[in-house]
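> below are the sequence and a predicted model; questions follow.
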Amino acid sequence: MKVIIIGAGVLGVSVARQLAVAGEDVLLLDQWGVGAGTSATTFAWTNSSRKPDPDYHRLNLAGMEEHARLAEQLRGAPSYFPSGALQWADAANEQRLADNVERLRSLGYPAHWIPRDEATRIAGDVRIPATVTSIAHFPSEGYVLPDVFVNSLLADAEQHGATCAIGEVVAIDDRPDGVAVTLAGGKVCTGDRVVLAAGRWTERLAARAGIDVPMVTDTGRGAQTVGLLGYARSPELDLRCVIHSPGLNLRPATGGHTVLQALDLNADVDPADPPSADGAIASTLARRFSALLTDRSRAPRIDLRIGFRSLPADGHTVAGYASARSRVYCLVSHSGVTLAPILGRLAAAEITTDQEQDLLRSFRPTRFTGIRRSDTEVDQHATRLGEQ
């Protein structure tokens with residue numbers, strides 16, 4: 001079977017690897033290159049912390065477990081770190097944290113309260129402000145180095161025969177006898193199946209095959225899709241886990257660098273007029289970061305990047321064929337890093353065996369059929385996007 005995968009982000013490369021390992025003929029296409037889209041600007045926290053939908057929670061748990069299995073199979077530098085995560089709360093947020101800890105513990109999700117001294121040992125080279133009143137530890141969570149992860153997946157896919165090419169898809173012809181993908185310039189690639197893993201471009205590309213996959217597409221100032229990340233090059237920290245503190249989230253990166261996320265600042269981010277290195281947003285991020293440093297004698301050096309979330313209209317993963325007769329398999333998720341290993345394996349299984357995978361049953365694109373768009377739109381206030 002020849003499978004054409006459109007989109008070489010973390011989901012596309014994951015399913016490409018699984019299909020190649022299964023012996024299928026795989027062509028991976030991307031307009032810009034591997035991992036150049038949303039996968040390049042993600043906080044990359046592996047978790048199922050605030051996913052109240054039972055099926056979505058179950059899928060994310062499976063994603064976390066699959067990361068551990070996949071890490072044993074991939075060669076090269078480690079990319080997945082089951083470091084655990086800490087969430088700190090001050091007086092204004094302690095009830096919200098307490099409610100979530102209670103909910104997760106009722107589901108059997110590892111979560112417990114720890115004292116300040118234990119949190120300091122787990123966290124590493126950061127200080128816990130005096131305003132923090134409660135600290136929860138989530139030992140099964142962790143993080144991924146996205147660029148290393150994607151490159152490791154691609155290397156393994158290519159080792160098993162997959163081919164990767166640069167090309168802009170301008171048409172998808174979903175036919176009874178196969179699928180034809182037309183690239184800018186006129187080249188046509190034919191195959192038995194197409195996996196549409198194009199992230200935030202999914203709705204536009206799906207429409208070219210007559211498929212409706214509603215996505216949140218607004219990328220204006222403060223849009224749900226817009227997320228700001230800071231990449232702190234200095235000072236170098238011995239940060240040992242993911243940390244969620246009031247006003248700032250942190251995760252380790254390579255070389256002692258730190259990835260920073262301040263969700264409340266996203267409302268002021270305009271991709272058409274990106275925040276400057278010496279502007280108000282950058283200053284706020286640096287000030288919050290400095291407040292967590294044990295040595296505050298050096299001013300942080302932080303690069304800013306704007307990312308765009310791949311967000312289906314209802315906030316939940318899309319995985320499956322567009323219809324019973326379609327040869328186009330749609331795959332997109334807001335939780336792409338957590339879910340990449342499990343979605344890659346399960347999607348590949350469905351494509352190669354035509355056997356439905358139970359974990360994916362609730363996430364078919366057909367759920368949008370006949371539903372008004374306004375009835376499917378994600379409520380960003382119910383769960384703050386970015387902390388999922």
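Thanks, I have the structure now.

> for the stretch 201-350 of the chain, which segments count as strands?
226-234, 242-245, 248-252, 258-261, 301-308, 318-321, 328-332 (DSSP state E, counting those that start in this stretch).

> point out the most buried one among the ones you listed.
Mean neighbours per residue, mean count of other Cβ atoms under 10 Å, is largest over those for strand 328-332, with a mean of 27. In short, each C-beta sits where N, CA and C put it, glycine included.

> in its sheet, what does that strand sit against?
strand 193-196 (parallel), strand 318-321 (antiparallel) (DSSP bridges).

> save those strands as CSV, and put in mean pLDDT and distance to S49 too.
CSV is the format used below for those (pLDDT from 0 to 100; distance: least, Cβ to Cβ, whole Å):
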stretch, mean pLDDT, distance to S49
strand 193-196, 98, 28
strand 318-321, 98, 21
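
> check the offset of stretch 320-333 from the chain's centre.
In terms of Cα atoms, centre = their mean, to the nearest Å, the centre of stretch 320-333 is found 20 Å from the chain centre.

> endpoints of that stretch, how far apart?
Across stretch 320-333, the terminal residues are separated by 12 Å (Cα to Cα, to the nearest Å).

> need the phi and psi values for the closest residue to A209 other than its chain neighbours.
The shortest distance from A209 to any non-neighbouring residue, by Cβ to Cβ, 6 or more residues apart in numbering, is to I172 (3.8 Å). When quoted as degrees, to the nearest 10, the phi and psi of I172 stand at phi -130, psi 120.

> beta partners of I172?
Bridge pairing for I172 - DSSP bridges - gives V181.

> for burial, what's the neighbour tally of it?
By other Cβ atoms under 10 Å, 22 other residues sit near I172.

> what do you get for the one 10 residues further on?
Number of residues near T182 (other Cβ under 10 Å) recorded here: 17.

> does it touch T190 like I think?
No - applying Cβ atoms under 8 Å as the test, T182 and T190 come out as separate, 10.1 Å apart.

> all strands for the stretch 51-200 of the chain, in order.
Using DSSP E, counting those that start in this stretch, strands in the stretch 51-200 of the chain cover 80-81, 85-89, 112-113, 134-138, 142-144, 163-166, 169-175, 178-183, 188-191, 193-196.

> so how many other residues sit close to the closest residue to P129 other than its chain neighbours?
Using Cβ to Cβ, 6+ apart and skipping the chain neighbours, the partner closest in space to P129 is A291 (6.3 Å). Neighbour count of A291, defined by other Cβ under 10 Å: 16.

> T131 is in contact with A291, correct?
No - distance between A291 and T131: 9.6 Å, which falls outside the contact criterion (Cβ under 8 Å).

> picking up where we left off before, closest one to G124 among the strands paired with strand 328-332?
Of all the strands paired with strand 328-332, strand 318-321 sits nearest to G124, with 36.2 Å by Cβ to Cβ.

> if we can go back for a sec, columns distance to A280 on top of the strands paired with strand 328-332, output as a markdown table?
Formatted as a markdown table, the strands paired with strand 328-332 follow (distance: least, Cβ to Cβ, whole Å):
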| stretch | distance to A280 |
| --- | --- |
| strand 193-196 | 39 |
| strand 318-321 | 37 |
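
> hmm, D268 is touching I281, no?
Yes - between D268 and I281 there is a contact at 6.1 Å, judged by Cβ under 8 Å.

> any weak-confidence spans in the chain?
Residues of the chain that meet the criterion pLDDT under 70 lie in 372-388.

> distance-wise, check the closest residue to A171 other than its chain neighbours relative to L59.
Spatial nearest neighbour of A171, excluding adjacent residues (Cβ to Cβ, 6+ apart): T182 at 4.0 Å. Noted for T182: a distance of 33 Å to L59, by Cβ to Cβ, to the nearest Å.

> could you do Q87 as well?
Applying Cβ to Cβ, the value for Q87 to L59 is 22 Å.

> residues of stretch 336-356 that come out buried?
Neighbour-count burial for stretch 336-356 flags 336-352 (criterion: 16 or more other Cβ atoms under 10 Å).

> scratch that, stretch 198-215
Buried-residue list, stretch 198-215, by 16+ other Cβ under 10 Å: 198-203, 205-206, 208-209, 211, 213-215.

> just the terminal-to-terminal distance for it.
OK, stretch 198-215 end separation, Cα to Cα: 12 Å.

> for stretch 82-90, same thing?
End-to-end for stretch 82-90, by Cα to Cα: 26 Å.

> which residues in this structure form helices?
10-21, 54-71, 94-106, 116-123, 146-159, 202-207, 280-290, 336-353 (DSSP state H).

> JSON lines for these, including distance to G222?
Formatted as JSON lines, the helices of the chain follow (distance: least, Cβ to Cβ, whole Å):
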{"stretch": "helix 10-21", "distance to G222": "25"}
{"stretch": "helix 54-71", "distance to G222": "25"}
{"stretch": "helix 94-106", "distance to G222": "22"}
{"stretch": "helix 116-123", "distance to G222": "31"}
{"stretch": "helix 146-159", "distance to G222": "24"}
{"stretch": "helix 202-207", "distance to G222": "20"}
{"stretch": "helix 280-290", "distance to G222": "12"}
{"stretch": "helix 336-353", "distance to G222": "22"}
